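Peer 1: Make a model of this:
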Amino acid sequence: MNRQQSPSSLSHQLSDDRRVLGRDDPVWPHYVKEAEKWDKDLVDRWNKSMDVTLLFAALFSAIVTAFLIESYQNLKPDHAEITATGVLAVLEHLRAASANQVLNTTNIEIPATDEFQPTTNALLVNLAWFLSLTLSIVVTLLAMLVKQWGEAYRSGSGLAPPCVQARVRQARYNKLKSWRTEDIVVSLPVLMHIALGLFLLGLILFLLDLNRVVFMPVAIVVGITFPVYLATTLLPLFVAFCPYNTPLSSRKLLEAFLNMCNLLVPHTWKKYIMASCQLKENLLCENTDPDYLTSQALEWLIRHSPKDVVDIGIKAISGADLDTNSWELLAQGSLISVVAQKFTAICGKPLDQSSEVDPNQNNRDAYLYGQALVNISSHAELKLCSHNGITGYSTSKSIGSQVEIDEGQVYQVEKGLLQ
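Peer 2: You can find the predicted model right below:
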């Protein structure tokens, strides 16, 4: 007779067998596998973003440098002008001496280098462009560092036991979140956009003094660009699933800004704005009942997928419970032709693939395709005609091949069409 083990001994045995959260617990290999996928996607996303940023920053820095070579000279005395003025004064002195005339020195003024003051416009232009170049170089440095951070984050523990790998990875991930590394990565494109804005501002001021004819069209283009950028930044904050965005299109930033405004003037419009957009997104994401969006997804799936996936989409239509607008969407275009072709092709399966096709599966497909065809065609505008009205139609048995359809398939076809 077997002895009944005490609860404490049983618990101890189970703990030994499972090695709960110990070095050899089977949970750690699964953690490492999932963490590798997550980290690979994260670092790859960083690298792609930084590659684009580095390329843009390099080209942008070269362009700004070319403009600065010309503009920075306005911040210092023009020695060429001083030399030319001095040569002119010498010529005037020689001309007066040769003609025995008294030289009037009041008409010749040689600029003094110690009294030189750059114009306000020159200061603003160079300030904007030097800041722009500095931001571009800083972004380049940070982008290279981000790529190094990503490699360091994923490396170093590949040969260690899964338990050790999991602990090291989790510790690194915790620091990644607490030190807000992701925010640094996101901020780099923002800095480049600021640098571009400073460059355009300096370009407008530079052309303002240089030539008014050139200034006007450039000012118009820049004047249109800024409102478009502002709209692209703000639209995702108030329009659900807006396809346009910029690095500044963050609802966290908007919420922080509105919180600051609420501290000054308490009101509730912030809650209304945030709720109206987020509520719509949440409803669309969390709603699992078939609706118009579901029919759009099915229609896209059937149009842009390979043959086996198209079959799955058509079978889903056969049992779908959609409203009239959704069915009318599915009935538009060539979708009904695709379903009809799939339906009629079933009749040829027993003849062409009799040794490979399961009769029961073929019957089920006939039923599902027939029902899908009825569901779509009942909401489509179809022009019915008989075989007498079709040119070249013949009922002669000598024309074409005969396809024998078993009774079970006929029943399933009728069931799908009539249900």
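
Peer 1: ok, and what's touching stretch 298-305?
Peer 2: Outside stretch 298-305, the residues within contact range by CB atoms under 8 Å, 6 or more residues apart in numbering are Val309, Val310, Gly313, Ile314, Ala316, Ile317, Ala320, Leu329, Leu330, Leu335, Val338. Any C-beta I mention is one placed from the backbone N, CA and C, and that applies to glycine too.

Peer 1: which ones are touching the second one?
Peer 2: Right, the one you point to is Val310. Contacts of Val310 by CB under 8 Å, 6+ apart are Leu301, Ile302, Val338, Lys342.

Peer 1: one more time with 6 Å, if that's ok
Peer 2: By CB atoms under 6 Å, 6 or more residues apart in numbering, Val310 lies in contact with Ile302.

Peer 1: What of the fourth one?
Peer 2: Residues in contact with Ile314, defined by CB under 6 Å, 6+ apart, are Val339, Lys342, Ala372.

Peer 1: just to revisit the earlier point, can you put the contacts of stretch 298-305 in TSV and add secondary structure, distance to Leu42 and pLDDT?
Peer 2: Formatted as TSV, the contacts of stretch 298-305 follow (DSSP: H, G, I helix; E, B strand; the rest coil; distance: CB to CB, whole Å; pLDDT from 0 to 100):
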residue	secondary structure	distance to Leu42	pLDDT
Val309	helix	29	82
Val310	helix	34	79
Gly313	helix	33	83
Ile314	helix	38	81
Ala316	helix	34	82
Ile317	helix	38	81
Ala320	coil	37	78
Leu329	helix	38	81
Leu330	helix	39	81
Leu335	helix	39	76
Val338	helix	40	78
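
Peer 1: tell me the two of those that are most distant?
Peer 2: Farthest-apart pair in the contacts of stretch 298-305 is Val309 and Leu329; separation 19.3 Å (CB to CB).

Peer 1: list the buried ones in stretch 207-219?
Peer 2: Neighbour-count burial for stretch 207-219, counted by 16 or more other CB atoms under 10 Å, picks out Leu207, Leu208, Phe215, Ala219.

Peer 1: whoops, I mixed them up, stretch 231-250
Peer 2: Thr232, Thr233, Leu234, Pro236, Leu237, Thr246, Pro247, Leu248, Ser249, Ser250.

Peer 1: picking up where we left off before, which one's more surrounded, Val309 and Leu329?
Peer 2: Neighbour totals were compared for Val309 and Leu329, and Leu329 leads with 17 against 12 (other CB atoms under 10 Å).

Peer 1: does the more buried one really touch Ser295, like I thought?
Peer 2: Yes. The pair Leu329 / Ser295 is scored as a contact, 5.0 Å apart, by CB atoms under 6 Å.

Peer 1: any chance you could map the helices in the stretch 201-350 of the chain?
Peer 2: Secondary structure of the stretch 201-350 of the chain (DSSP state H, counting those that start in this stretch): helices at 212-238, 251-264, 269-286, 292-303, 307-318, 324-331, 335-345, 349-352.

Peer 1: Out of those, the one nearest Trp179 is which?
Peer 2: Closest of these to Trp179 is helix 251-264, at 17.1 Å (criterion: CB to CB).

Peer 1: Using CSV, write down the CA coordinates of the closest one.
Peer 2: What follows is helix 251-264 as a C-alpha-only set of coordinates in CSV (Å, rounded to 0.1, in the frame of the first residue of the first chain):
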residue,chain,number,x,y,z
ARG,A,251,0.2,63.2,-27.9
LYS,A,252,2.4,63.0,-24.9
LEU,A,253,3.9,66.4,-25.9
LEU,A,254,0.4,67.8,-26.5
GLU,A,255,-0.9,66.5,-23.2
ALA,A,256,2.1,68.0,-21.3
PHE,A,257,1.5,71.4,-23.1
LEU,A,258,-2.2,71.4,-22.3
ASN,A,259,-1.5,70.4,-18.7
MET,A,260,0.7,73.5,-18.4
CYS,A,261,-2.1,75.6,-19.9
ASN,A,262,-4.6,74.1,-17.4
LEU,A,263,-2.4,75.2,-14.5
LEU,A,264,-2.7,78.8,-15.7
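
Peer 1: Same list, the contacts of Ile314, but as TSV with pLDDT please.
Peer 2: Formatted as TSV, the contacts of Ile314 follow (pLDDT from 0 to 100):
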residue	pLDDT
Val339	78
Lys342	76
Ala372	80
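
Peer 1: Can you tell me which of those comes closest to Asp365?
Peer 2: For the contacts of Ile314, the nearest to Asp365 is Lys342 (8.5 Å; CB to CB).

Peer 1: give me the number of residues near that closest one?
Peer 2: Neighbours around Lys342, by other CB under 10 Å: 20.

Peer 1: show me the contacts for it.
Peer 2: Residues in contact with Lys342, defined by CB under 6 Å, 6+ apart, are Ile314, Tyr369.

Peer 1: before we move on, what about Asp39?
Peer 2: If a contact means CB under 6 Å, 6+ apart, then Asp39 has Arg154 as its contacts.

Peer 1: count of residues packed around the nearest residue to Ser378 once chain neighbours are set aside?
Peer 2: Once flanking residues are discounted, Ser378 sits nearest to Trp327: 7.4 Å by CB to CB, 6 or more residues apart in numbering. Using other CB under 10 Å as the criterion, Trp327 is surrounded by 18 other residues.
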